[in-house]
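My questions are about this predicted structure, shown below with the sequence.
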Amino acid sequence: MRYLTDNNGKWFYIGGQIGSGKSHLCTAIVGEMMQNGLEVKYLMWRDETITIRADIMSSAYRDTIHKLKTVRVLYIDVFFKTEHKKLQALLKLTSHLRY
């Protein structure tokens, strides 16, 4: 659990089969981070990327991307449950998040 106190600039990923408790574990970790005063943004990948893509030509898009880039902890849930073609397009779209 060292990650809870030593996580600056680090990624954390949990993968596994459906129903194995990935979201439960991530939620517990993020809950501890919030208890320690860290700002957290939860992103349900399949739902929110639709909204982000719809706003791509507006200032709302830039505002959303800025918030995602600057939040201390970004929790992305259900990231790999997207069809391959859609996932490739979304990864290209969100390449702006790398900084």
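Good, I have the coordinates. Numbering: from 1, shown residues only.

tally of neighbours for Asn36?
9 (other C-beta atoms under 10 Å). All C-beta atoms are positioned from the backbone trio N, CA, C, and that covers glycine.

I'd like the distance between it and Val71.
From Asn36 across to Val71, the span is 15 Å (C-beta to C-beta, to the nearest Å).

Kindly report the same for Asp6.
Here Asp6 is placed at a distance of 19 Å from Val71 (C-beta to C-beta).

Which one's more surrounded, the two?
Shown here are Asp6 and Val71; by other C-beta under 10 Å, Val71 has more neighbours (15 against 8).

Ramachandran angles for that one?
Dihedral angles of Val71 (phi, psi; degrees, to the nearest 10) stand at phi -70, psi 140.

Give me the nearest residue to it, chain neighbours excluded.
Lys41 (4.2 Å; C-beta to C-beta, 6 or more residues apart in numbering).

Which strand or helix spans that neighbour?
strand 40-44 (DSSP states H and E).
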